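J.: Provide a 3D model corresponding to the input given below.
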Amino acid sequence: MASRTTGYGLEATRRIRQAAGEHWLPILMVTALSREDEILEGLRAGADDYLSKPLSLPVLQAKIQVFQRIVALQQALARQAAELAT
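T.: From the prediction side, this is the model:
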């Protein structure tokens, strides 16, 4: 069973995913929890990635850059799809 604190983060992640609907919104969980089952629980709740504390600024920056690349690719794909549809 998830701890009370973990449960709140998981529920918030699920609600954010539900509210975002079809729009992809990157969710990066940052937590002191680091056991494999805890990481899997966060990812299954809808997180896109997971970062354990203590926080590494270079790793956080790299993960944000990955999310930015994904957004740019999605935008390019949407533009191409719109061009093909016309």
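J.: Distance-wise, check Ile70 relative to Gln80.
T.: 16 Å (CB to CB, to the nearest Å). Placement of C-beta: from N, CA and C, glycine included.
J.: These two: who's more crowded?
T.: Ile70 (13 against 10; other CB atoms under 10 Å).
J.: Now do the host helix or strand of the more buried one: which elements does it pack against?
T.: Using DSSP states H and E, Ile70 sits within helix 57-85. Contact here means 3 or more CB pairs under 8 Å, 6 or more residues apart in numbering; DSSP states H and E; on that basis helix 57-85 packs against strand 28-31, strand 49-52.
J.: Name the residues that touch the first one?
T.: The contact list for strand 28-31, computed with CB atoms under 8 Å, 6 or more residues apart in numbering, reads 6, 9, 13, 38, 42, 47-53, 55, 60, 63-64, 67.
J.: Quick check: ChimeraX command selecting the buried ones in those.
T.: This is how ChimeraX selects the buried members of these, with burial counted by 16 or more other CB atoms under 10 Å:
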select :6,9,13,38,42,47,48,49,50,51,52,63,67
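J.: Pairing partners for Leu28 in the sheet, please.
T.: Beta-bridge pairing of Leu28 under DSSP bridges involves Asp49.
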